[in-house]
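Peer 1: Test case, fold it:
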Amino acid sequence: MATIYEVAALAGVSPATVSRVFNGQTVSAEKQRLVRDAAARLAFTPNKTARRLRKQSSEIIALLIPDIENPFFTALARGVEDRAQESGFSVVLCNTDDDPAKELRYLEIAASEQMAGVILSPASDEVDLGAIVSLGRPVVAVDRTTPYPVDAVKIDNRAAGIAATNALFDAGYRRIACIAGPAGIENTEDRFLGWRQVVSARGAGVHEGYLRHANFRVDGGHAAMRALLALGTPPDAVVTTNNLMAIGALRALVEARVPLETFGVAVVGELPFMPLDPASVVQVRLPARHLGRTAASMLLERIAGDAQPLRTVVLRAEVSRPGEDLAL
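Peer 2: Next up is the predicted model:
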């Protein structure tokens with residue numbers, strides 16, 4: 001196996017320059033080219049284990065998300081990986097199932113394995129980042145924020161809830177319900193508060209029975225929609241605060257033989273699959289992949305030594321229905 005000294009001799013540079021090239025430090029473009037050409041000719045592979053010991057961290061990022069089966073988080077993960085790969089980092093994907101105990105275990109592994117940093121969508125507002133933060137590793141919260149002082153990237157969720165509800169009012173619906181995720185989760189709270197704000201402002205009055213909390217999955221949306229339809233005065237439209245719950249709600253409407261041409265459905269998120277194409281469905285599209293890329297960029301900047309004040313970046317969504325696209 002070729003050594004760093006052989007690469008340096010062939011490239012006509014010092015071993016220190018070779019080390020700087022493979023550690024991502026600033027080197028002129030010409031010297032970078034000479035070193036990489038020499039390394040390719042000698043089939044040189046940097047000793048990542050030794051580099052890890054010197055730097056006291058690896059070139060691996062941990063990504064903790066609550067549900068890899070949800071296309072929103074799949075797209076988010078793709079954005080993280082794309083950006084990480086551009087900088088020579090790898091990503092370890094951890095699925096927490098919104099379980100705080102499982103999340104804590106993954107965070108402990110990230111710390112013990114000396115991972116370079118963590119991007120996570122917290123399972124609760126009581127997430128414990130102590131183990132990873134105490135080591136000085138950077139953390140970026142994505143989609144949901146944390147009580148710890150860390151960088152964050154999120155969506156303007158209240159604006160998304162407002163946009164979804166306004167679209168249904170504008171279409172002529174008045175008894176608009178809301179199927180929200182579990183209580184106490186930040187993005188859920190913001191989205192249903194957007195719904196509540198519009199319902200109150202447009203004079204419809206807030207029918208407390210029209211707010212239903214459910215898990216973020218298809219079965220949660222299905223059960224919540226069935227409960228809404230069983231009310232003495234059922235709604236004529238519903239806002240669902242994530243995509244999988246919307247699928248469950250649509251299934252319940254079909255099973256109950258409710259004409260989808262007359263019942264309004266708005267979803268915060270994009271429907272991952274559409275067995276039907278009801279004209280009443282409004283989709284508030286979330287920039288999931290951009291969310292992931294932005295979080296990864298912020299984390300990589302911290303890993304590289306960025307010491308500027310903590311930041312929270314807020315991205316916006318757009319509302320659309322079949323045949324039209326309108327910015328929020």
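Peer 1: Let me see the contact set for residue 226.
Peer 2: Contacts of residue 226 were listed using Cβ atoms under 8 Å, 6 or more residues apart in numbering, and they are 252, 256. Yep, even glycine has a C-beta here, placed from its N, CA and C like the rest.
Peer 1: Name the residues of the helix or strand hosting it that come out as buried.
Peer 2: With elements delineated by DSSP states H and E, residue 226 resides in helix 218-229, which encompasses its position. Under the neighbour-count criterion of 16 or more other Cβ atoms under 10 Å, helix 218-229 has 218, 220, 221, 222, 223, 224, 225, 226, 227, 228, 229 buried.
Peer 1: in stretch 303-315, what counts as buried?
Peer 2: residue 303.
Peer 1: Check stretch 258-276 too.
Peer 2: Neighbour counts over stretch 258-276 (16+ other Cβ under 10 Å) mark 258, 260, 263, 264, 265, 266, 267, 268, 269, 270, 271, 272 as buried.
Peer 1: Find the nearest non-adjacent residue to the first one, please.
Peer 2: Take residue 258 and drop its neighbours on the chain: the residue closest to it by Cβ to Cβ, 6 or more residues apart in numbering is residue 229, 7.1 Å away.
Peer 1: returning to that earlier point: could you dump the helix holding residue 226 to CSV, C-alpha only?
Peer 2: Taking Å, rounded to 0.1, in the frame of the first residue of the first chain, the C-alpha atoms of helix 218-229 are listed here in CSV:
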residue,chain,number,x,y,z
VAL,A,218,-52.5,6.1,8.0
ASP,A,219,-54.4,4.3,10.8
GLY,A,220,-54.4,7.4,12.9
GLY,A,221,-56.0,9.5,10.2
HIS,A,222,-58.5,6.8,9.4
ALA,A,223,-59.7,6.5,13.0
ALA,A,224,-59.9,10.3,13.5
MET,A,225,-61.9,10.7,10.3
ARG,A,226,-64.3,8.0,11.4
ALA,A,227,-64.8,9.8,14.7
LEU,A,228,-65.5,13.1,13.0
LEU,A,229,-68.1,11.5,10.7
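Peer 1: which residues does the residue nearest to residue 258 contact?
Peer 2: 252, 253, 256, 258.
Peer 1: Can you tell me which of those residues has the most neighbours?
Peer 2: Using other Cβ atoms under 10 Å as the neighbour criterion, residue 253 leads the contacts of residue 229 with 22 neighbours.
Peer 1: pLDDT score for that residue?
Peer 2: Predicted confidence (pLDDT) for residue 253: 95.
Peer 1: got a list of contacts for stretch 212-223?
Peer 2: Residues outside stretch 212-223 that contact it (Cβ under 8 Å, 6+ apart): 66-67, 70, 98, 177-183, 188, 224, 227-228, 240, 242, 244-249, 251-252.
Peer 1: Filter these down to the buried ones.
Peer 2: Taking 16+ other Cβ under 10 Å as the criterion, what is buried in these is 66-67, 70, 98, 177-181, 188, 224, 227-228, 240, 242, 244-249, 251-252.
Peer 1: hmm, back to that, nearest to residue 145, of the buried residues of stretch 258-276?
Peer 2: Lowest distance from residue 145 to the buried residues of stretch 258-276 (Cβ to Cβ) belongs to residue 268, with 17.4 Å.
Peer 1: Can you check the distance spanned by stretch 62-77, start to finish?
Peer 2: The straight-line separation of the ends of stretch 62-77 (Cα to Cα, to the nearest Å) is 11 Å.
Peer 1: for it, which positions count as buried?
Peer 2: Within stretch 62-77, the residues that count as buried by 16+ other Cβ under 10 Å are 62-68, 70-77.
Peer 1: before we move on, back to that, next, give me the two most distant ones among the contacts of residue 229.
Peer 2: Between any two of the contacts of residue 229, the greatest separation by Cβ to Cβ is 8.5 Å, found for 252 and 258.
Peer 1: Mind jotting down where the helices sit in the stretch 151-300 of the chain?
Peer 2: All helices of the stretch 151-300 of the chain, identified by DSSP state H, counting those that start in this stretch, fall at 157-170, 186-201, 218-229, 243-255, 288-303.
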